[in-house]
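Engineer: Next one to model:
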Amino acid sequence: MTLLNKTTAELQSLLHNKEITIKELTEETFARVAKTDDKVQAFISTNEEKALERAEQLDNEPVENRGPLFGLPVGIKDNIVTKGITTTSASRMLEDFIPVYDATVVEKLNQAGMVSIGKLNLDEFAMGSTTETSAFKTTCNPWNLDHVPGGSSGGSAAAVAAGEVPFALGTDTGGSIRQPAAFCGVVGMKPTYGRVSRYGLIALASSLDQIGPITRTVEDNALLLQAIAGHDEKDSSSSSKEVPNYIEHLTGDIRGIKIGVPKEYMGVGVGEDAKNAVLEALKVLESLGAEWEEVSLPHTTYALPAYYYISSAEASSNLSRYDGVHFGYRSEDAKSLDEIYRKSRAESFGRDVKRRILLGTYALSAGHYEEYYKKAQKARMLVAQDFANVFSKYDVIISSAAPTTAYKIDGEPDDIVTKYMGDILTTPINLAGVPAISVPCGFSNGLPLGLQIIGNHFDEATIYKVAHAYEQATDFHKRTPAIWEEK
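Structural biologist: Have a look, this model is predicted:
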């Protein structure tokens, strides 16, 4: 038995019929991680002893009490706290931090009967788009180990793409689920802000962060979001809006669906292969009965500077708690309280984290708050209104999830316009708080391309309906990297 050639439904059938046990499935997962992860470097840490103990306990649960995710393995991005298991956020600051509680999403995974395999790599404090700023390791793209997996949820996307786990949790502040999902050829959903509790998430930018699922298929993605979504009284931004049954919407029938394609998302900076993949995807959706038109999101040009100021300001505020006193790294050379603060932060934070703290502190300072942070919040409202205007006439918006395929490690694109478009395609969605998914839609030079489907607030069901219909009409999700076949 191997995870590589079994769907979730097939695994559940094997478990229900007692052809395999949950413990055997868990052992197989760790064997796969041991075989593959020295190349991919997706995991910061694994949790084998506790996972096998839990698997044995779950094997005693009657079949009639088991849900669709019961007994299945999952990886957790290492900025989501896990009780008794080190949670580092890929930073030296939290290298030895062992939480005393579980995040709400982890509690929900436990309630669903899933087995946590370990903690997945990320850019330090989720600040980055390549997973190269981790303090511990650089994760590689399973399709080509010389290329990045994207970020900041690169470990989560790479682990799923490499067949190490079928499910993973990531976080998305400005594209950090969708872009790595596109780079790694998997499915990644950023839910509506407030749909999933952020309690227990190590915050980057509190008004932008959202936890979401990364999986191999749209159906699996819907199952995982179903498990973690819902109101949480421990999170004041959590919505009490009812969570629909997402699986019921995977009908394949998208006749009459109206699609808007923003001209701002299809211009200079988006590579020809990515652009053509979107146009081909639109042809597929048209053949299934959907309709599309070009639309405009006129304030898109303001989105990126607004995002940088808001996210950096909130990061500066959130990271002020890591001072070498309350918890986290403390410099051994500090001889005074002032030195504890300065040296602890200087020695344990990476370059990108320091840069964003400096920018955010400047934007929030008394002399510049009105000029930068307040103005950015006004621009954010214009960006959100653009989406509201389009969604008054259209069901979903479609674009590429990234302007190119994954670039080489230590090799970001030199073209500043392409780098700019990489953020333009994703950050406005977080500013507006709407949901969006990336699904595989093609390949270029052996590397995956991703299709982004954006929906209205709390309308993940329609996104899943369109994504599933497209997925079933194509075979991109069935392709796997060569690393799956290596012995």
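Engineer: show me the contacts for the most centrally placed residue in the chain.
Structural biologist: Relative to the mean C-alpha position of the chain, the nearest C-alpha, by C-alpha atoms, centre = their mean, is the one of residue 177, at 2.3 Å. Neighbour list for residue 177: 153, 156-157, 170-171, 188-190, 212, 214, 438 [criterion: C-beta atoms under 8 Å, 6 or more residues apart in numbering]. The way it works is simple: take the backbone N, C-alpha and C, and place the C-beta from them, glycine included.
Engineer: With respect to residue 278, which of these is nearest?
Structural biologist: residue 438 (11.9 Å; C-beta to C-beta).
Engineer: ok, that closest one - contacts?
Structural biologist: By C-beta under 8 Å, 6+ apart, the contact list for residue 438 reads 177-179, 181-182, 187-188, 401, 450-452.
Engineer: Now do the same for residue 118: helix, strand or coil?
Structural biologist: Following DSSP: H, G, I helix; E, B strand; the rest coil, we place residue 118 in the strand state.
Engineer: thinking again about what came up before, now, which of the contacts of residue 438 lie within strands?
Structural biologist: Of the contacts of residue 438, the ones assigned to strands by DSSP state E are 187-188, 450-452.
Engineer: Now the contacts of residue 438 in a markdown table, please, with extra columns for pLDDT and distance to residue 367.
Structural biologist: Shown next, in a markdown table, are the contacts of residue 438 (pLDDT from 0 to 100; distance: C-beta to C-beta, whole Å):
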| residue | pLDDT | distance to residue 367 |
| --- | --- | --- |
| 177 | 98 | 36 |
| 178 | 98 | 36 |
| 179 | 98 | 35 |
| 181 | 98 | 41 |
| 182 | 98 | 40 |
| 187 | 98 | 45 |
| 188 | 98 | 40 |
| 401 | 98 | 39 |
| 450 | 98 | 42 |
| 451 | 98 | 44 |
| 452 | 99 | 38 |
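Engineer: and the two most separated of those residues?
Structural biologist: Every pair of the contacts of residue 438 checked by C-beta to C-beta; the farthest is 177 and 451, at 14.3 Å.
Engineer: Could you check how many residues crowd around residue 35?
Structural biologist: By other C-beta atoms under 10 Å, the residues close to residue 35 number 15.
Engineer: just to revisit the earlier point, what about the contacts of residue 438, which one has the most neighbours?
Structural biologist: When neighbours are taken as other C-beta under 10 Å, the top entry among those is residue 181 (38 neighbours).
Engineer: I'd say that residue and residue 188 touch.
Structural biologist: Yes: counting by C-beta atoms under 8 Å, residue 181 touches residue 188, with 2.8 Å between them.
Engineer: shared neighbours of these two, anything?
Structural biologist: Common neighbours of residue 181 and residue 188, counting by C-beta under 8 Å, 6+ apart, are 153, 157, 214, 438.
Engineer: quick one: what helix or strand has residue 429 in it?
Structural biologist: With elements taken from DSSP states H and E, the one containing residue 429 is helix 427-432.
Engineer: Quick check: residue 412 vs residue 148, distance?
Structural biologist: Distance, residue 412 to residue 148, using C-beta to C-beta, to the nearest Å: 9 Å.
Engineer: Which one of those two is surrounded by more residues?
Structural biologist: Per other C-beta under 10 Å, whichever of residue 412 and residue 148 has more neighbours is residue 148, with 27 against 15.
Engineer: To what extent is residue 8 buried, counted in neighbours?
Structural biologist: 19.
Engineer: need the contact list for it.
Structural biologist: Going by C-beta under 8 Å, 6+ apart, residue 8 touches 68-69, 72, 166, 217, 219-220, 223.
Engineer: Repeat that for residue 216.
Structural biologist: Counted by C-beta under 8 Å, 6+ apart, residue 216 has contacts 160, 166, 186-187, 477.
Engineer: nearest to residue 30, of those?
Structural biologist: residue 166 (14.0 Å).
Engineer: Could you name the helices and strands sitting against the host helix or strand of residue 382?
Structural biologist: Following DSSP H and E, one finds residue 382 within helix 375-391. Judged by 3 or more C-beta pairs under 8 Å, 6 or more residues apart in numbering; DSSP states H and E, the packing partners of helix 375-391 are helix 300-318, strand 396-400, helix 427-432.
Engineer: Let's see that with 6 Å instead.
Structural biologist: Contact analysis of helix 375-391 by 3 or more C-beta pairs under 6 Å, 6 or more residues apart in numbering; DSSP states H and E lists helix 300-318, helix 427-432 as its packing neighbours.
Engineer: Could you measure from residue 183 over to residue 459?
Structural biologist: The gap separating residue 183 from residue 459 is 26 Å, by C-beta to C-beta.
Engineer: Which one of the two is surrounded by more residues?
Structural biologist: Neighbours were counted for residue 183 and for residue 459 using other C-beta under 10 Å; residue 183 has more, 34 against 18.
Engineer: List the residues that contact that one.
Structural biologist: Neighbour list for residue 183: 149-150, 406 [criterion: C-beta atoms under 6 Å, 6 or more residues apart in numbering].
Engineer: what would these look like in CSV with neighbour count, distance to residue 343 and secondary structure?
Structural biologist: Output for the contacts of residue 183, formatted as CSV (neighbours: other C-beta atoms under 10 Å; distance: C-beta to C-beta, whole Å; DSSP: H, G, I helix; E, B strand; the rest coil):
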residue, neighbour count, distance to residue 343, secondary structure
149, 35, 33, coil
150, 35, 33, coil
406, 26, 37, coil
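Engineer: Could you provide the residues you listed in TSV, with additional columns for pLDDT and distance to residue 33?
Structural biologist: What follows is these, written out as TSV (pLDDT from 0 to 100; distance: C-beta to C-beta, whole Å):
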residue	pLDDT	distance to residue 33
149	98	16
150	98	20
406	97	22
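Engineer: Quick check, pLDDT for the closest residue to residue 318 other than its chain neighbours.
Structural biologist: Counting by C-beta to C-beta, 6 or more residues apart in numbering, residue 203 is the residue found nearest to residue 318 once chain neighbours are left out, at 4.4 Å. Residue 203 is assigned a predicted lDDT (pLDDT) of 97.
Engineer: again with residue 1
Structural biologist: Residue 1 is assigned 48 on the pLDDT scale.
Engineer: next one: residue 413
Structural biologist: 74.
Engineer: Just give me the neighbour total for it.
Structural biologist: By other C-beta under 10 Å, the residues close to residue 413 number 16.
Engineer: do you know how far it is from residue 361?
Structural biologist: In terms of C-beta to C-beta, residue 413 sits 29 Å off from residue 361.
Engineer: now do residue 234
Structural biologist: For residue 234, the distance to residue 361 equals 29 Å [C-beta to C-beta].
Engineer: More neighbours: these two, which one.
Structural biologist: residue 361 (17 against 13).
Engineer: Can you give me the end-to-end span of stretch 261-279?
Structural biologist: Terminal residues of stretch 261-279 are spaced 10 Å apart (C-alpha to C-alpha, to the nearest Å).
Engineer: In it, which residues are buried?
Structural biologist: Of the residues in stretch 261-279, 261-262, 264-266, 269-271, 273-275, 277-278 count as buried by neighbour count, 16 or more other C-beta atoms under 10 Å.
Engineer: From those residues, pick the one nearest residue 374.
Structural biologist: Nearest to residue 374 among those is residue 264, at 24.7 Å by C-beta to C-beta.
Engineer: low pLDDT regions in the stretch 201-350 of the chain?
Structural biologist: For the stretch 201-350 of the chain, not a single residue meets the criterion pLDDT under 70.
Engineer: What helix or strand is the nearest residue to residue 325 once chain neighbours are set aside located in?
Structural biologist: Spatial nearest neighbour of residue 325, excluding adjacent residues (C-beta to C-beta, 6+ apart): residue 340 at 6.3 Å. Residue 340 is part of helix 337-348, with elements assigned from DSSP H and E.
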